[in-house]
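Peer 1: Take a look and give me a structure for this.
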Amino acid sequence: MMLSQRAVLAAFDDDYIGLSKGSLSLALILTRNAASKQFPLDKNSFVTTKGGQVAGLGGGAVKKILKDHGIERILSSEGGRTSRGNMERMNAYIDVLNDLHSHNLLDLDAAEKYWVERAQAYFDALPFTFKLDPSRSLRACVRDLLAQAVERQREVSGTMYAGAVMQHLVGAKLDVITEGSLLHHGFSVADAPSNRSGDFLIGDVAIHVTTAPGEALIRKCQDNLSSGLRPLIVTTEDGVGGAKALAKQVGVDDRLDIIEIEQFLATNVYEWSTFERDARQTAVRDIIDRYNKIIAECESDPSLRIEFDG
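Peer 2: Okay, the predicted model is just below:
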């Protein structure tokens with residue numbers, strides 16, 4: 001009895017593809033190109049004219065396929081061109097497609113969706129990396145991490161990775177201070193419906209974390225002041241200047257604190273490690289572990305996780 005197409009693809013996936021960006025790119029392109037060819041497929045028609053390489057591989061082609069399915073991220077800039085063993089994989093995959101076709105089980109649209117799902121699984125399994133490089137400053141290490149979030153944000157329009165990473169990094173640091181008693185929220189959970197004074201409230205301090213402070217945030221800080229709270233804005237280096245200017249416009253620049261996130265994190269790591277080199281790694285790892293716990297509990301996107309490279 002012939003298995004379903006999905007079961008056949010899953011078995012092929014286990015044997016030849018896996019969560020490899022080059023192999024996934026190959027499967028996506030072969031599946032898309034098969035739609036324009038006659039069955040049974042001729043393997044020679046998928047090979048370059050000079051032979052030895054699979055035709056049509058490239059990052060642009062893979063990006064277009066993923067975009068057709070609503071995914072804006074870049075799977076591979078090479079599109080599988082440099083992956084070893086592609087000819088063997090191509091031959092095996094063409095055999096699979098021809099076999100499915102001969103049993104009237106082939107649905108190329110469904111096959112393409114299968115590989116797109118696997119590409120999404122690859123993205124989901126790809127965390128950010130915090131590299132604690134002893135030759136660089138702590139601030140530079142934090143900056144590199146945030147740069148990864150900004151870069152991913154460029155790839156996935158509409159998803160605010162940088163803001164999410166910043167909020168939960170600050171939350172992780174505060175979690176250390178409060179010994180885990182702090183209440184955390186998902187990044188997309190707005191303050192207003194839950195009547196929260198900020199992203200975090202500790203003592204009489206309302207903490208706001210944002211990549212781009214705007215007038216609405218300053219108004220919220222004014223509300224904090226009216227309620228007897230002390231507003232604290234944690235933002236990017238670029239955001240500090242904008243927040244200060246907005247606060248000055250409404251006359252509260254000397255009543256709220258604005259701190260750049262790299263300094264916010266680095267200062268505490270130095271303090272907690274008592275400026276000892278060996279203890280610094282432990283302090284950073286503790287923040288990253290707490291951050292990943294928050295992501296697991298509050299966010300649905302596992303790719304927000306951070307891998308610690310100490």
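
Peer 1: Please point out which parts of the helix of greatest length in the chain sit buried.
Peer 2: Taking DSSP state H as the criterion, the chain has its longest helix at helix 277-298. With burial defined by 16 or more other Cβ atoms under 10 Å, the residues of helix 277-298 counted as buried are 280-281, 283-284, 286-288, 290-292, 294-295, 298. (C-beta placed from N, C-alpha, C; glycine too.)

Peer 1: would you turn those into JSON lines with pLDDT and distance to Ala164?
Peer 2: Putting the buried residues of helix 277-298 into JSON lines (pLDDT from 0 to 100; distance: Cβ to Cβ, whole Å) gives the following:
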{"residue": "Arg280", "pLDDT": "89", "distance to Ala164": "25"}
{"residue": "Gln281", "pLDDT": "90", "distance to Ala164": "25"}
{"residue": "Ala283", "pLDDT": "91", "distance to Ala164": "22"}
{"residue": "Val284", "pLDDT": "92", "distance to Ala164": "19"}
{"residue": "Asp286", "pLDDT": "92", "distance to Ala164": "20"}
{"residue": "Ile287", "pLDDT": "93", "distance to Ala164": "16"}
{"residue": "Ile288", "pLDDT": "95", "distance to Ala164": "15"}
{"residue": "Arg290", "pLDDT": "95", "distance to Ala164": "15"}
{"residue": "Tyr291", "pLDDT": "95", "distance to Ala164": "11"}
{"residue": "Asn292", "pLDDT": "95", "distance to Ala164": "13"}
{"residue": "Ile294", "pLDDT": "94", "distance to Ala164": "10"}
{"residue": "Ile295", "pLDDT": "93", "distance to Ala164": "9"}
{"residue": "Cys298", "pLDDT": "91", "distance to Ala164": "10"}
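
Peer 1: low-scoring pLDDT stretches of the stretch 201-310 of the chain, where are they?
Peer 2: Within the stretch 201-310 of the chain, the set of residues satisfying pLDDT under 70 is empty.

Peer 1: now the strands: where do they sit in it?
Peer 2: 205-209, 230-235, 257-260, 306-309 (DSSP state E, counting those that start in this stretch).

Peer 1: Identify whichever of these lies nearest to Gly22.
Peer 2: strand 306-309 (20.8 Å; Cβ to Cβ).

Peer 1: elements contacting the closest one?
Peer 2: For strand 306-309, the packing partners by 3 or more Cβ pairs under 8 Å, 6 or more residues apart in numbering; DSSP states H and E come out as strand 128-131, helix 277-298.

Peer 1: Excluding sequence neighbours, find me the nearest residue to Pro302.
Peer 2: Asp124 (5.2 Å; Cβ to Cβ, 6 or more residues apart in numbering).

Peer 1: who are the neighbours in contact with that neighbour?
Peer 2: 301-303 (Cβ atoms under 8 Å, 6 or more residues apart in numbering).

Peer 1: can you rerun that using 10 Å?
Peer 2: For Asp124, the contact set (Cβ atoms under 10 Å, 6 or more residues apart in numbering) comprises 19, 301-305.

Peer 1: Tabulate these (JSON lines), appending distance to Ser273.
Peer 2: Converted to JSON lines, the contacts of Asp124 look like this (distance: Cβ to Cβ, whole Å):
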{"residue": "Leu19", "distance to Ser273": "35"}
{"residue": "Asp301", "distance to Ser273": "30"}
{"residue": "Pro302", "distance to Ser273": "29"}
{"residue": "Ser303", "distance to Ser273": "29"}
{"residue": "Leu304", "distance to Ser273": "25"}
{"residue": "Arg305", "distance to Ser273": "23"}
